[in-house]
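1. Here is a sequence together with a model predicted from it:
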Amino acid sequence: MASAFKSASISWHTNCNDKMKLRLLHRSNILIMHYSIKYPRISCSIKKCKLRLLVYLLFAAVVFPQLQAAPEKGSIVKEYKVVVTGLRNDKGSLIVALYYGPDGFPENADKVFRRQTVGAENESITLWFKDLPEGEYAFAILHDENNNKIMDKNFIGIPKEGFAFSNDYKPNSTKVVYDKAKIIISDSKTSATVKMNYYL
């Protein structure tokens, strides 16, 4: 199980084409179904397993982004503050991937606009993005506790490390909805606060 998820992650990182991505997700679905049949006592629905796979693939983009070209310049916001609360310890790093608009959010590494990595701290941490064009954004955060630059998970694919989305959005389905995570960055909106989520 773990090796299959790792293979899917590696293929995703290397910018495989859409056909390959669909093939990987199809194989993952078959793998999840097989696992559920073989171990019926594990209370993990197909829907929940798909969500966990989505979260895992998402953080391939957070950790291994190729930065998106800057949008056409309008007004520039000199500083945008992100306050992250609910960290359970000060181990490792906090990795933040910022997207400009819906294009690519949350799993496409090619569309990441800005990225930051900072040392984790107990309880909360504050970081800054500088010189951002005004507009609509969304971001995803990973608490990489062991600094191995991947989302660690247990043997059935549940994330073992924390994550968060802009607008303090907590997805409850197999699809991360951009409209629920989007934020506006402008001269009058220069900060955001989100809380980390931990499954285990």
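-> Cool, got the structure.

2. how about the strands in this protein?
-> If DSSP state E is used as the criterion, the strands of the chain fall at 76-87, 93-100, 112-119, 123-133, 135-144, 163-165, 183-185, 191-195.

3. Dump the ones you listed to CSV, plus distance to V176 and mean neighbour count.
-> (Each C-beta comes from the backbone N, C-alpha and C, glycine too.) Output for these, formatted as CSV (distance: least, C-beta to C-beta, whole Å; neighbours: other C-beta atoms under 10 Å):
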stretch, distance to V176, mean neighbour count
strand 76-87, 18, 16
strand 93-100, 11, 23
strand 112-119, 15, 18
strand 123-133, 21, 15
strand 135-144, 8, 24
strand 163-165, 7, 24
strand 183-185, 14, 18
strand 191-195, 14, 16
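
4. Mind checking these for the one nearest to P106?
-> strand 135-144 (5.0 Å; C-beta to C-beta).

5. partners of that closest one, with directions?
-> strand 93-100 (antiparallel), strand 163-165 (antiparallel), strand 183-185 (antiparallel) (DSSP bridges).

6. Just the mean pLDDT for that strand, thanks.
-> Here strand 135-144 scores 96 as its mean pLDDT.

7. for stretch 149-156, same thing?
-> For stretch 149-156, mean pLDDT is 87.

8. Nearest to A138, out of the strands paired with strand 135-144?
-> Taking these one by one with C-beta to C-beta, strand 93-100 is closest: 5.0 Å.

9. Name the residues that touch that closest one?
-> Here strand 93-100 makes contact (C-beta atoms under 8 Å, 6 or more residues apart in numbering) with 59, 61-63, 65, 68, 71, 82, 84, 87, 105-106, 111-120, 125, 127, 129, 133, 135-144, 147, 149.

10. and the spatially closest residue to Y178 that is not a sequence neighbour, how many neighbours?
-> Closest residue in space to Y178, ignoring its immediate chain neighbours: P102 at 4.3 Å, by C-beta to C-beta, 6 or more residues apart in numbering. Residues near P102, counting by other C-beta atoms under 10 Å, number 16.

11. any idea how far A181 is from P102?
-> Remark: distance between P102 and A181 (C-beta to C-beta, to the nearest Å) = 9 Å.

12. intersection of neighbour lists for these two?
-> A138.

13. Now mean pLDDT and distance to F155 too, for the strands paired with strand 135-144, in CSV please.
-> Listed next are the strands paired with strand 135-144 as CSV, based on pLDDT from 0 to 100; distance: least, C-beta to C-beta, whole Å:
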stretch, mean pLDDT, distance to F155
strand 93-100, 95, 24
strand 163-165, 95, 19
strand 183-185, 97, 35
